[in-house]
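[1] sequence unavailable; structure follows:
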């Protein structure tokens, strides 16, 4: 069994066949994290569906849907560059554990508030802000942690499979949420999401990868941040990619997903299940794209399309 464990086992990692994209699952650390994440992200999508439905149920306002999404997005945009520098200077595994525990607690708080019928719109906004902060801290750590688990040779396979898993969860989670909304209500979607975090927390506690050695003469965080900006400016493709991704998320898929609860409630006969199915359908297309990326990554490597 192949297991990335630092320089000592790099030769083992290089044995992963380029013709078999799923061989990266032979790496124990990646396999544990992969399946833990699949359960947890499915739960996160359940919460997204339930939160959208809850906000529209509480307010009846599309503006409130956008404001709740804004509350999550602003901390992520403002803090993520600094969080990336932080992730380079500390244990990514520990950062991920902290953020996952915080998100677990947030999900349980929302679940209890809904089940006790004391939920208010501002509760959702506050929890959305917390999730924005944890996303800003956790996402850079998650990307770096991927390389620690797979090693450099299998990294492209790990990233492609991770994308496939995330998009599969965006189908599974909303489908379950639709059933839960119809049968038990939004509160139990939040509770089940909280429980789903236990899977990824357990996987992180079971994974032990070496912390990359600190570079000699480490400079200030501000200097590292400036270096990151300079790196982006020196590579002409990166600014275009960042602008494209931002526009797609704000004006495209992000806006669509945010306003789906209002569309479903005002247009569809069975609004709850219709809303969940519409959200899941977006994920189906994403799964198809991610599945195509796995063999393409093996065949072409890092290629500009």
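    Arrived safely, thanks for sending. Just so you know, these numbers come straight off a predicted model, no measurement behind them.
[2] for residue 59, which non-adjacent residue is spatially closest?
    Of all residues beyond its chain neighbours, the one nearest residue 59 is residue 121 (5.7 Å), with distances taken as C-beta to C-beta, 6 or more residues apart in numbering. In this view, the C-beta of every residue, glycine as well, is placed from N, C-alpha and C.
[3] state the distance from the one you found to residue 127.
    11 Å (C-beta to C-beta, to the nearest Å).
[4] pLDDT weak spots in the stretch 51-200 of the chain?
    Per-residue confidence for the stretch 51-200 of the chain (pLDDT under 70) gives these ranges: 83-88.
[5] show me where it has strands.
    The residue ranges that make up strands in the stretch 51-200 of the chain, judged by DSSP state E, counting those that start in this stretch, are empty, as it has none.
[6] could you work out the end-to-end span of stretch 149-156 for me?
    For stretch 149-156, the separation between the terminal residues is 12 Å (C-alpha to C-alpha, to the nearest Å).
[7] in that stretch, what counts as buried?
    Neighbour counts using 16 or more other C-beta atoms under 10 Å place 149-151, 153-156 of stretch 149-156 among the buried residues.
[8] next, the residue nearest to residue 181 when sequence neighbours are not counted: phi, psi?
    Take residue 181 and drop its neighbours on the chain: the residue closest to it by C-beta to C-beta, 6+ apart is residue 272, 4.5 Å away. In this entry, residue 272 is assigned phi and psi values of phi -60, psi -50 (degrees, to the nearest 10).
[9] what's the neighbour count on residue 272?
    The number of residues packed near residue 272 is 22, by other C-beta atoms under 10 Å.
[10] now do the same for it: its pLDDT.
    Among the per-residue scores, residue 272 holds a pLDDT of 76.
[11] what distance do you get for the residue nearest to residue 59 to residue 65?
    Note on residue 121: its distance to residue 65, by C-beta to C-beta, is 11 Å.
[12] same check on residue 158?
    When distances are taken as C-beta to C-beta, residue 158 and residue 65 turn out to be 34 Å apart.
[13] if we can go back for a sec, what about residue 121 and residue 65, which has more around it?
    Counted by other C-beta under 10 Å, residue 121 and residue 65 do not tie: residue 65 has more neighbours, with 21 against 15.
[14] ok, which stretches of the stretch 101-250 of the chain are helices?
    Per DSSP state H, counting those that start in this stretch, the stretch 101-250 of the chain has helices spanning 121-150, 155-183, 186-206, 221-234, 237-247. These are given in chain order.
[15] with distance to residue 48 added, can I get these in JSON lines?
    Shown next, in JSON lines, are those (distance: least, C-beta to C-beta, whole Å):
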{"stretch": "helix 121-150", "distance to residue 48": "10"}
{"stretch": "helix 155-183", "distance to residue 48": "8"}
{"stretch": "helix 186-206", "distance to residue 48": "9"}
{"stretch": "helix 221-234", "distance to residue 48": "29"}
{"stretch": "helix 237-247", "distance to residue 48": "19"}
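[16] so which of those gets nearest residue 114?
    Residue 114 lies closest to helix 186-206 among these, at 3.5 Å (C-beta to C-beta).
[17] how far off helix 121-150 does the closest one point, in degrees?
    Angle of helix 186-206 versus helix 121-150, following axes from the mean of the first three to the mean of the last three C-alpha atoms, to 10 degrees, is 30 degrees.
[18] cool, thanks, signing off.
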